[in-house]
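Asks: Here is my input; please provide its structure:
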Amino acid sequence: MYVQSLNEVIDVHSKRVAAFRNRVPEIVLLLLLAVGTLAMAVTGYRWAQGNRHHRLLTGILSILIASVVLVIMDLDRPRRGLIRVSQQSMIDLRKSLNESSP
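Replies: Alright, predicted model coming up:
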């Protein structure tokens, strides 16, 4: 039983390490930023051409595009940024393994 549990812990740890190492490719992040910039440029151009100005809608669109880009970039970096993945479960597991070992 002990060996099986230990193997499961090792497997879970390997998956967590792999998840931290897997990143969104830089080209995807650059494309995301380029699409956001282009969308805002087209919106600004259209806003300048039209007679009716929708400041509220333009502001909401700007905030939404910026938020989506920031959340994707923040989720890609789990150890820093606003959204952080806690390691407390692994710390608790290590403590429980140290306490149960003879």
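Asks: Next one: the residue nearest the centre of the chain from Val24, what distance?
Replies: Computing the C-alpha centroid of the chain and ranking residues by CA atoms, centre = their mean puts Leu75 first, at 0.8 Å. Taking CB to CB, to the nearest Å as the measure, Leu75 falls 9 Å from Val24. C-betas here are computed from N, CA, C, even on glycine.
Asks: Helix or strand next in line after the host helix or strand of Val17, which one?
Replies: Per DSSP states H and E, Val17 falls inside helix 2-21. Using DSSP H and E, the next helix or strand after helix 2-21 towards the C-terminus is helix 26-49.
Asks: Can you spell out which helices and strands pack onto that next one?
Replies: Counting contacts by 3 or more CB pairs under 8 Å, 6 or more residues apart in numbering; DSSP states H and E, helix 26-49 packs against helix 55-76.
Asks: buried stuff in the helix it packs on?
Replies: 65, 69 (16 or more other CB atoms under 10 Å).
Asks: where does this protein have its least confident helix or strand?
Replies: Ranked by mean pLDDT, DSSP states H and E, the weakest helix or strand in the chain is helix 88-100, scoring a mean of 78.
Asks: what's next to it, contact-wise?
Replies: If you take CB atoms under 8 Å, 6 or more residues apart in numbering as the criterion, helix 88-100 is touched by 9, 13, 16.
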